[in-house]
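>>> turn this into a model:
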Amino acid sequence: MDILSLFGLVVAVAGILGGQFLEGGEIDVLLQLAAFLIVFGGTMGAVMVQHPLKIFLNGVKMAKWVFVTPRTEAQQLTYRLTAWGNAARKDGILSLESQIKTVNDPFVQKGLQLLVDGHSAEKVREVLEIDLNTYETLHWQSARVWEAAAGYSPTIGILGAVLGLVHVMQSLGEPSKLGAGIAVAFIATIYGVGFANLVFLPISGKLKILIQREVNKREMVIDGLCMIANAENPHYIENKLRGYLG
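As a prediction, the model looks like this:
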C-alpha cells in the first residue's frame, strides 16, 4: 500500500472541504449526483471514444498501482544476475537451466531461456528489446488514458454548468430559487476541475513514474543477461548493474 498517495488524496479533499466549511458554506451543497453523472460519465465516454478497448481497460486496471504499487525488487535482481554470472563462468551457461523455474517474472524467464538455448548476447538483446518496446508502448498509452481524462473533465464540467444555468433560466418565474439554482449549476465546474487536478492528473503522473521504474528494471535485466552471455567478470556485472539502482 502506498501510504503517501492515500494521505495526499485525504489532505487534498480535507483542504477543500475544510475551506468550504471555514467560509461558512455547507458541505452537502457540494454533493450533487446530477453534476457528478454529467462530469464523470461525460469524461469517461470521451476517453472511451479516444482510445482502443485494450488500452482503455489496461489504463483502468493500472489505476490501482497508485495505491498498491507493484514491487520491482531491483536490488534482489541485481544479486541474482551477479550470482548467475558467477555460476555461468564456473559451470557454463547450461547450469542456469535450473534457475528458470525459480523466477516469477516472465521477462526474466524468457531471457534466461534464451541464454540456456545458446543464443548470443546480440540475439538476447534483440529479442528482449522487442518485448520491452511493446511493454513500454502499451503502458505509456494506458497511462495517457488518465491524462486524456484530465483534459476532458474541466470542459465537461463547464458543459454541466451551462446545462444547470439553462435549467435555472427556466425557473425565472421563481426568483427565490435562482441563487440556489445558480450555485448548484456551478458545482459541475468544481467537479470537472477537481477530478482533473486531484484525481486524473495525479494518477497519470504516478503511473508514468512507475512505468519508467519498470522499464529501467527491464533494461537492467537485458544488460545483465547480455554480460552473462559474454562471460563478463561477475564483479564487473555487479558494479554495472548497481548503476541502475540510483
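>>> top helix in the protein by residue count?
helix 121-169 (DSSP state H).
>>> output the contacting helices and strands for that one.
helix 42-50, helix 53-62, helix 106-116, helix 178-194, helix 201-229 (3 or more C-beta pairs under 8 Å, 6 or more residues apart in numbering; DSSP states H and E). C-beta: built from backbone N, CA, C; applies to glycine.
>>> what mean pLDDT does the last one get?
Averaged across helix 201-229, pLDDT comes to 95.
>>> ok, now stretch 87-96?
Averaged over stretch 87-96, pLDDT sits at 90.
>>> and stretch 89-102, what's buried?
89, 93, 96, 99 (16 or more other C-beta atoms under 10 Å).
>>> wait, I meant stretch 161-169
Across stretch 161-169, burial judged by 16+ other C-beta under 10 Å covers 161, 164, 165, 168.
>>> run the chain-centre distance for that stretch.
Averaging C-alpha positions (C-alpha atoms, centre = their mean, to the nearest Å) puts stretch 161-169 36 Å from its chain's average.
>>> what's the weakest-modelled helix or strand in the protein?
helix 178-194 (a mean of 81; mean pLDDT, DSSP states H and E).
>>> return the alpha-carbon coordinates of that helix using CSV.
The C-alpha trace of helix 178-194 is given here as CSV (Å, rounded to 0.1, in the frame of the first residue of the first chain):
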residue,chain,number,x,y,z
LEU,A,178,-32.4,31.5,-8.6
GLY,A,179,-29.5,31.8,-6.1
ALA,A,180,-29.5,28.2,-5.0
GLY,A,181,-30.0,27.1,-8.6
ILE,A,182,-27.0,29.0,-9.9
ALA,A,183,-24.9,27.7,-7.0
VAL,A,184,-25.8,24.1,-7.9
ALA,A,185,-25.1,24.7,-11.6
PHE,A,186,-21.5,25.7,-10.8
ILE,A,187,-20.9,22.5,-8.8
ALA,A,188,-20.4,20.8,-12.1
THR,A,189,-17.4,23.1,-12.8
ILE,A,190,-16.0,22.3,-9.4
TYR,A,191,-16.3,18.6,-10.1
GLY,A,192,-14.7,19.0,-13.5
VAL,A,193,-11.7,20.9,-12.3
GLY,A,194,-11.5,18.9,-9.1
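>>> and it, what does it pack onto?
If contacts are counted by 3+ C-beta pairs under 8 Å, 6+ apart, helix 178-194 sits against helix 33-36, helix 121-169.
>>> which of those is buried the deepest?
Of all the helices and strands packed on helix 178-194, helix 121-169 has the most neighbours on average by mean count of other C-beta atoms under 10 Å, namely a mean of 18.
>>> and it, average pLDDT?
93.
>>> now do stretch 139-148: distance to the chain's middle.
A distance of 8 Å separates the centroid of the chain from that of stretch 139-148, by C-alpha atoms, centre = their mean.
>>> so what's the residue count around the closest residue to residue 21 other than its chain neighbours?
Among residues not flanking residue 21 along the chain, residue 27 sits closest, at 6.3 Å (C-beta to C-beta, 6 or more residues apart in numbering). Residue 27 has 10 neighbours, counted by other C-beta atoms under 10 Å.
>>> what's residue 27 in contact with, if anything?
Residues in contact with residue 27 (C-beta atoms under 8 Å, 6 or more residues apart in numbering) are 17, 20, 21.
>>> can you list the helices and strands packed on helix 178-194 in CSV and add distance to residue 242?
Formatted as CSV, the helices and strands packed on helix 178-194 follow (distance: least, C-beta to C-beta, whole Å):
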stretch, distance to residue 242
helix 33-36, 49
helix 121-169, 20
